[in-house]
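Undergrad: Structure for this input, please:
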Amino acid sequence: MSEPQKFVDLRQPRRIWAIGSVHAQLDHLYAVHEVVASRFQPGDRLVYLGNMIGWGERILETIDALLAFRIWLLSWRGMEADDIVYLRGAQEEMWQKLLQLQFAPDPQQVLDWMTKHGAGTTLAAYGGTVEQGMAAARGGTMMLGRWTQGLRQAMQQRPGHENVFNALRRAAYCLDPARDPDRGEGGVLLVSAGVDVRRPLTHQGDAFWWGSANFAQMSVPYGGFSRVVRGFDPAGRGVSVTDFVATLDGGCGFGGHLVCGCLSPSGEILDLFQV
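TA: Numbering: from 1, shown residues only. Have a look, this model is predicted:
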């Protein structure tokens, strides 16, 4: 857990507000922000569980809303930058890979796959089209590099947007100060789509944003944490809370709801609502 660029230690929060996959559904995000704003207290933390963008068409407005809410919370006395965390989800991962498409072994195939899995709306939001990308890919590495540079510049022209993507983390965690010192268990781990329970935390790779088939069947605590919380279920099975796992995915972006959970430092679900 010594890699701050990948993992965020939430230290000793009063409570943790965790927001599931938004998928650029701006009205749902506004509604959740309104509820959180009315209940947020000094000492609380806020974690977005990845997939803030993708699928929905209001990409730019969604990121603007994330930034505006962050600025408002940071105006509170005692709030620090790391008290608000953005996790990397599949959609953010695809956008970052799209900006490096010239390095892909088969860029046309990669672009086609990503746009079919939700990245097309993010591409369009920053002024790109699939047709332009395909043409650039056929033109070779240099032409494709110029195309992705244009996308990057379009992102940079939106105040704060590049900062959000640069601030993405793989996971956030809290070690419960009341945990059992003998068993070493306690606290909560927050991820986007899951973890591979067969691997230690520092060797998860892309399981954080693509998930793992064995996650939902977790029958013992993972990594010494009382509960692992995720914001997206790749299988689309909806909201679920078990002894060791919580999935806060109400299908937002696919006709469903945006889910938010309020957690104790030990991982207990104090409140759960959807809009």
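Undergrad: helix/strand/coil for the most centrally placed residue in the chain?
TA: With distances taken as Cα atoms, centre = their mean, the residue of the chain nearest its centroid is Gly50 (1.1 Å). Recorded secondary structure, Gly50: coil (DSSP: H, G, I helix; E, B strand; the rest coil).
Undergrad: give the contact list for the closest residue in space to Leu168 that isn't next to it in sequence.
TA: Nearest residue to Leu168 in three dimensions, chain neighbours excluded: Arg88, at 4.1 Å (Cβ to Cβ, 6 or more residues apart in numbering). Every residue, glycine included, has its C-beta placed from N, CA and C. By Cβ atoms under 8 Å, 6 or more residues apart in numbering, the contact list for Arg88 reads 50, 96, 168-170, 192, 208-209.
Undergrad: same thing with Gly56?
TA: So Gly56 contacts 22-26, 62, 121, 253 (Cβ under 8 Å, 6+ apart).
Undergrad: can you give me phi and psi for it?
TA: As for Gly56, its main-chain torsions (degrees, to the nearest 10) stand at phi -70, psi 160.
Undergrad: any idea how far it is from Ala24?
TA: 3 Å (Cβ to Cβ, to the nearest Å).
Undergrad: Could you pull out the residues contacting both of these two?
TA: In contact with both Gly56 and Ala24: 62, 121, 253, using Cβ under 8 Å, 6+ apart.
Undergrad: Narrow these to those in helices?
TA: Using DSSP state H, the subset of the shared contacts of Gly56 and Ala24 located in helices is 62, 121.
Undergrad: ok, back up a step: retrieve the pLDDT associated with the residue nearest to the centre of the chain.
TA: With respect to pLDDT, Gly50 scores 98.
Undergrad: try Pro4
TA: For Pro4, the predicted pLDDT is 55.
Undergrad: can you check Pro181 too?
TA: You'll see Pro181 listed with a pLDDT of 51.
Undergrad: any idea where the strands of this structure begin and end?
TA: Assigned by DSSP state E, the strands in the chain fall at 7-9, 16-19, 45-48, 84-86, 171-174, 188-191, 227-230, 240-241, 245-247, 259-263, 269-274.
Undergrad: List the pairing partners of the first one within its sheet, with orientation.
TA: The strands beside strand 7-9 in its sheet (DSSP bridges) come out as strand 171-174 (parallel).
Undergrad: just how off-centre is the partner strand within its chain?
TA: Distance of strand 171-174 from the chain centroid (Cα atoms, centre = their mean, to the nearest Å) equals 12 Å.
Undergrad: low-scoring stretches of the stretch 101-250 of the chain, by residue?
TA: For the stretch 101-250 of the chain, applying pLDDT under 70 flags the ranges 178-185.
Undergrad: who are the neighbours in contact with the residue of the chain positioned farthest from its centre?
TA: Using Cα atoms, centre = their mean, the residue of the chain lying farthest from its centre is Gly139. It sits 33.7 Å away. The contact partners of Gly139, by Cβ under 8 Å, 6+ apart, come to none.
Undergrad: still on that earlier bit, who wins for neighbours among the contacts of Arg88?
TA: Among those, the one with the most neighbours (other Cβ atoms under 10 Å) is Gly50, at 32 neighbours.
Undergrad: Please name the nearest non-neighbouring residue to that one.
TA: Here the residue nearest Gly50, using Cβ to Cβ, 6+ apart, is Gly89, at 2.4 Å.
Undergrad: doesn't Ser21 make contact with the one you found?
TA: Yes. Using Cβ atoms under 8 Å, Gly89 is in contact with Ser21, at 6.4 Å.
Undergrad: Neighbour count for the two, which is higher?
TA: Ser21 (33 against 29).
Undergrad: mind checking the end-to-end distance for stretch 220-240?
TA: One end of stretch 220-240 sits 16 Å from the other (Cα to Cα, to the nearest Å).
Undergrad: cool, stretch 17-26 as well?
TA: Separation of the first and last residues of stretch 17-26 by Cα to Cα is 18 Å.
Undergrad: Over to stretch 222-242?
TA: OK, stretch 222-242 end separation, Cα to Cα: 13 Å.
Undergrad: And stretch 248-259, by the same measure?
TA: One end of stretch 248-259 to the other measures 6 Å (Cα to Cα).
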